[in-house]
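> Quick one: sequence and predicted model below, then my questions.
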Amino acid sequence: MTEYKRLNEFLDEKRIHSKELAEKLGLTNSAVSSIRSGRNHMSAETLKKLLDLYPELCANWLLRGEGSCKCARLTAPEIRKEEEAKDVEIAALKELMKSKDDIIELLRRLLKK
């Protein structure tokens, strides 16, 4: 399947009409029609705008046909939240490891007595 067919599949699934897409991308109706028919390829700028408009649209799928149509792309704040959550989890695991080491040391002392 070609890129324009994948684009049409995505747009049809989302029930997005060419006119609406043209308005959102700042393109003419004929430009969107040319892209959707495969006469013209999207420019890098148009692709960027499209991916910004529909963050669930997977660029790898659209351009190469690999993977799934929809992908979870995280925004910068979401990435920071995930990193912070991982940092908290790592700190908690380190604390558990320290506690485990303390318990092991206490048990060694008790066994020596």
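Nice, I can see it.
> longest helix of this structure?
Determined from DSSP state H, the single longest helix within the chain is helix 76-112.
> quick one: buried residues of that one?
Within helix 76-112, no residue counts as buried by 16 or more other Cβ atoms under 10 Å. All C-beta spots, glycine's among them, are computed from the backbone N, C-alpha and C.
> what about the worst-scoring helix or strand of the chain on mean pLDDT, distance to the chain center?
The weakest-scoring helix or strand in the chain, judged by mean pLDDT, DSSP states H and E, is helix 76-112 (a mean of 82). Centre-to-centre, helix 76-112 and its host chain are 30 Å apart (Cα atoms, centre = their mean, to the nearest Å).
> Likewise for stretch 3-20?
Distance of stretch 3-20 from the chain centroid (Cα atoms, centre = their mean) equals 19 Å.
> For Ala91, see how far away the nearest residue to Ile35 once chain neighbours are set aside is.
In space, and not counting its chain neighbours, Ile35 is closest to Met42: 5.5 Å by Cβ to Cβ, 6 or more residues apart in numbering. Separation of Met42 from Ala91 (Cβ to Cβ, to the nearest Å): 45 Å.
> now Leu50
40 Å.
> Mark out where each domain of this structure begins and ends.
Using automatic domain parsing, the domain ranges for the chain come out as 3-64, 74-113.
> Quote the end-to-end distance of the first one.
Meaning domain 3-64. Using Cα to Cα, to the nearest Å, the span of domain 3-64 from its first residue to its last is 7 Å.
> quick one: it to chain centroid distance?
That offset, for domain 3-64, works out to 18 Å (Cα atoms, centre = their mean).
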